[in-house]
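Asks: missing the sequence, but the structure's below:
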């Protein structure tokens, strides 16, 4: 097995004598707290191998979801647009506090900027580079992340990321003058944002990528995607999942929201799945 979301499982299996016995088990940090394990099926992976890996994940107390191989697998592929959009909002003039507050007000366990510090900015930058290479039409790299990494501000593990940390357990970090200077140096504009706009900007690209995950056959159904996001990144359970939340808004209403962000490019372009559901006045959950 392999625990990675940036190296294709099929490539790792290519040199093996029995590639049908190779799969991925992708855990989520902090491993003790996050119940999800993505069981990754490579091109050659057999059903028996998937069954064995799934049973093992359950035996160690995890909740397995089977997904097909692809950049970022399921959860990280859907998470990247959310994380990246947070940085683009900073570049346009939103503040760190505004962005994180909008996310936690929606119900996320922490904001995307705080999450960068938890994951590690160097790790996030590497993963973002892999995803940008895979989906160059809709991943717009931010200049803030490399600037932070160059400054040595790579997250909680070194006591300095977007926030400064004192080393005490449970330390959520303090605002940093150095971070503010780096963000200011990479700003492309200065305007005011409403909480609703920030929430839309964070979640709509996430939803669109989730529909592409289904269109590409990475995940089997909307239920698997919703459960993976709840168990893997702490998507607010009271929202029912990303697709369940989308159904409460309605596909037609989401298309209307997307029109307001049309100028931002391909990452806000409606997908075929979303458009079809809106035209049929349907729902993601049939």
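Replies: That came through fine. Being a predicted model, the structure only gives us computed values, none of them experimental.
Asks: With adjacent residues omitted, what lies nearest to residue 111?
Replies: Excluding its sequence neighbours, the residue lying closest to residue 111 (Cβ to Cβ, 6 or more residues apart in numbering) is residue 100, at 2.4 Å. Yep, even glycine has a C-beta here, placed from its N, CA and C like the rest.
Asks: Tell me the spacing between the one you found and residue 116.
Replies: 10 Å (Cβ to Cβ, to the nearest Å).
Asks: the more surrounded of these two?
Replies: It is residue 116, of residue 100 and residue 116, that has more neighbours when counted by other Cβ atoms under 10 Å, with 27 against 21.
Asks: so the more buried one touches residue 161, yeah?
Replies: Yes. Here residue 116 reaches residue 161: they are 6.4 Å apart, a contact under Cβ atoms under 8 Å.
Asks: if I look at those two, which residues touch both of them?
Replies: residue 155 (Cβ atoms under 8 Å, 6 or more residues apart in numbering).
Asks: Could you tell me which other helices and strands the helix or strand of the chain with the lowest mean pLDDT packs against?
Replies: The weakest-scoring helix or strand in the chain, judged by mean pLDDT, DSSP states H and E, is helix 9-13 (a mean of 90). Counting contacts by 3 or more Cβ pairs under 8 Å, 6 or more residues apart in numbering; DSSP states H and E, helix 9-13 packs against no other helix or strand.
Asks: quick one: contacts of it?
Replies: Outside of helix 9-13, the residues within contact range by Cβ under 8 Å, 6+ apart are 2, 19, 22, 23, 24, 40, 41, 42, 43, 44, 45, 69.
Asks: want to throw those residues into a markdown table with neighbour count, pLDDT and secondary structure?
Replies: Formatted as a markdown table, the contacts of helix 9-13 follow (neighbours: other Cβ atoms under 10 Å; pLDDT from 0 to 100; DSSP: H, G, I helix; E, B strand; the rest coil):
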| residue | neighbour count | pLDDT | secondary structure |
| --- | --- | --- | --- |
| 2 | 16 | 56 | strand |
| 19 | 19 | 94 | helix |
| 22 | 21 | 94 | coil |
| 23 | 25 | 94 | coil |
| 24 | 26 | 93 | strand |
| 40 | 30 | 96 | strand |
| 41 | 20 | 96 | strand |
| 42 | 24 | 94 | coil |
| 43 | 14 | 94 | coil |
| 44 | 17 | 95 | coil |
| 45 | 24 | 96 | coil |
| 69 | 19 | 95 | coil |
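Asks: so which of those residues comes closest to residue 178?
Replies: Nearest to residue 178, judged by Cβ to Cβ, of the contacts of helix 9-13 is residue 2 at 36.4 Å.
Asks: quick one: the strands in the stretch 151-286 of the chain?
Replies: Here the stretch 151-286 of the chain has its strands, by DSSP state E, counting those that start in this stretch, at 163-164, 174-175.
Asks: now for the first one, which elements pack on it?
Replies: Applying 3+ Cβ pairs under 8 Å, 6+ apart, we find strand 163-164 packed against strand 174-175.
Asks: Where does the prediction get shaky in the stretch 51-200 of the chain?
Replies: 170-171 (pLDDT under 70).
Asks: on that earlier part again, TSV please, covering the strands of the stretch 151-286 of the chain and showing distance to residue 64.
Replies: Below are the strands of the stretch 151-286 of the chain laid out as TSV (distance: least, Cβ to Cβ, whole Å):
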stretch	distance to residue 64
strand 163-164	34
strand 174-175	38
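Asks: Can you check which of those strands gets nearest to residue 139?
Replies: With Cβ to Cβ as the measure, strand 163-164 is the member of those nearest residue 139 (25.1 Å).
Asks: So what touches the closest one?
Replies: The contact list for strand 163-164 (Cβ under 8 Å, 6+ apart) reads 114, 117, 172, 173, 174, 175, 176, 179.
Asks: for the stretch 151-286 of the chain, what spans make up the helices?
Replies: Ranges of helices in the stretch 151-286 of the chain, per DSSP state H, counting those that start in this stretch, are 177-185, 195-215, 222-233, 242-249, 251-259, 272-279.
Asks: buried ones in the last one?
Replies: Spelled out, that is helix 272-279. For helix 272-279, burial by neighbour count (16 or more other Cβ atoms under 10 Å) applies to 273, 274, 277, 278.
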